[in-house]
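J.: here is a sequence with its predicted model. Questions after.
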Amino acid sequence: MMLQGNGRREFLQGVAGWGLVYAAGSFLSPALAEGQNPPPPEPPDTTWKTTIVPAGEPGEPLVVEGRVFAPDGQHTVAGVVVYAYNTDKEGYYSPDGKVGHPRLKGYMKTDAEGRFELHTIRPGRYPGMHIPAHIHFNLWGAGYPVQWTEELRFEGDSYLTDAMESESGALGKFATIRPVTRDKGGVFHCEINLRLQEKSNFPGH
Ligand SMILES: [Fe+2]
């Protein structure tokens, strides 16, 4: 089952965070309903930087350096909560396959320059599906309603399509398919700019 364009993206955004139900090919509710709900509020100690993987998590370490911009695309925004989640290295959100919040997840809050820094692993691709590996972000706060963003994907992923590439390229500095480098310590790095919207894209928010 392959949906294309906006329909595909919104469908995946709504569903894909919510576990093995998706990978198992059982696409319909309750996964869809669950994925349409925003995450719980951020903890009080949320800062601009977080690590969402436990020590010893299998996989290749990845640091995502991000910036959050206002809808004008020019000004960075401080104090925005950035909720990030991704699959494990095998492409699973939840080891038991149950629908629910993903295991590898965490919160940041942008600093005075709108920056955040996410320490995770390179996610796997959903087993049995031709969907590129990706990281999801939700944003809220600083006067903006809760919203999901385009997912971060990685250059060189063989599941990227020409359509995905051109769609990303058209976004300029907000391109969502990002180059990845590897430092001498073996840690991967990439950067992404996220653009806020004035209105929520979660139903009912
Ligand atoms: Fe996903």
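T.: Sure thing, it's come through.

J.: helices of the chain, residue ranges please.
T.: Using DSSP state H, the helices found in the chain span residues 5-15, 20-23, 31-35, 162-169.

J.: where do the strands sit along this structure?
T.: Counting by DSSP state E, residue ranges of the strands within the chain are 49-51, 61-69, 81-86, 104-109, 115-121, 135-141, 144-148, 153-154, 177-178, 181-182, 188-195.

J.: can you list the low-confidence ranges for this structure?
T.: For the chain, the stretches flagged by pLDDT under 70 are 1-36, 97-100.

J.: next, the residue located most distally from the centre of it: phi, psi?
T.: In the chain, the greatest distance from the average C-alpha position (C-alpha atoms, centre = their mean) is reached by residue 184, at 25.7 Å. When read as degrees, to the nearest 10, the backbone of residue 184 gives phi -60, psi -20.

J.: what about the residue nearest to the spatial centre of the chain, distance to residue 64?
T.: A centroid search over the chain (C-alpha atoms, centre = their mean) returns residue 136, at 1.3 Å, as the residue closest to the centre. Distance, residue 136 to residue 64, by C-beta to C-beta, to the nearest Å: 12 Å. Quick note: C-beta positions are derived from backbone N, CA and C, even for glycine.

J.: and if you look at residue 38?
T.: 21 Å.

J.: same drill for those two, tell me which one is more crowded.
T.: Legend: neighbour count by other C-beta atoms under 10 Å for residue 38 and residue 64, higher for residue 64 (23 against 16).

J.: could you check how many residues crowd around the closest residue in space to the more buried one that isn't next to it in sequence?
T.: Ranked by C-beta to C-beta, 6 or more residues apart in numbering and with sequence neighbours excluded, the top spatial neighbour of residue 64 is residue 118, at 4.2 Å. For residue 118, the count of nearby residues is 24 (other C-beta under 10 Å).

J.: contacting residues around the nearest residue to residue 90 once chain neighbours are set aside?
T.: The shortest distance from residue 90 to any non-neighbouring residue, by C-beta to C-beta, 6+ apart, is to residue 124 (4.8 Å). Contact partners of residue 124, counting by C-beta atoms under 8 Å, 6 or more residues apart in numbering, are 59, 87-92, 133.

J.: neighbour-wise, which of the residues you listed leads?
T.: Busiest of those [other C-beta under 10 Å] is residue 87, holding 29 neighbours.

J.: wait, doesn't that one sit right on residue 94?
T.: No. Residue 87 sits out of contact with residue 94 when judged by C-beta atoms under 8 Å, with a separation of 9.1 Å.
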